[in-house]
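Sequence plus predicted model, see below.
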Amino acid sequence: MSDRRIGFYPGSFDPVTYGHLDIISRAAVLFDVLVVAIGQHHAKPGLLSLEERLRVLEEALAPLRERTTCEIKLAKYTCLTVEAAQRAGAAVIVRGLRDGSDFDAEVRMAQTNATMAPEVETIFLAASPSARMISSTLIRQIAEMGGEIGQFVPMEAADAVRRAIARKNAPSGSGSDTE
């Protein structure tokens, strides 16, 4: 059995935001290993593909990895979060909170997870004031309406979102480009 403290930070990261990076950098101080895990929900395919999210996270985490002693690993999962945390060997699930509505939802999930796996604890980290208003859903909405998202997400994420929206809005392959 390892003496390393392993934390598990799950999310959709569609796209990764400065809010996510804030929580990751603060959680990295608490653990020897932090598994940043992308949950893939079959009913919610997301804007970015799973591969794009992994690539963007890899690039966005590079500077943090250089300045921390915590080993930050990336993972993906399709099972229950608490099961994925157990498989990763984590004793703690890390969740970020922006406001009271996050707290209410997260406490319900933490209590459910504790019932299913009492050995896995959940800790909450309050979002830093500069990141409190950022949500991936809001970022996608802004981008889909043509707004600038660079102040909310790393450059890699902004570029990936722009490409995904362009693909989504591209005319289907049926027909000609000339009239």
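Happy to help now that I have it. Numbering: from 1, shown residues only.

what about this structure, any weak spots by pLDDT?
Counting by pLDDT under 70, the chain shows low-confidence ranges at 1-2, 173-179.

list the buried ones in the strand or helix carrying residue 52?
If you go by DSSP states H and E, residue 52 is part of helix 50-67. Residues 50, 52-54, 56-57, 59-61 are the ones in helix 50-67 that count as buried (16 or more other Cβ atoms under 10 Å). Where C-beta positions appear, they are placed from N, C-alpha and C, glycine not excepted.

is it possible to export these to JSON lines including distance to residue 157?
Shown next, in JSON lines, are the buried residues of helix 50-67 (distance: Cβ to Cβ, whole Å):
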{"residue": "50", "distance to residue 157": "14"}
{"residue": "52", "distance to residue 157": "9"}
{"residue": "53", "distance to residue 157": "9"}
{"residue": "54", "distance to residue 157": "12"}
{"residue": "56", "distance to residue 157": "5"}
{"residue": "57", "distance to residue 157": "9"}
{"residue": "59", "distance to residue 157": "9"}
{"residue": "60", "distance to residue 157": "7"}
{"residue": "61", "distance to residue 157": "12"}
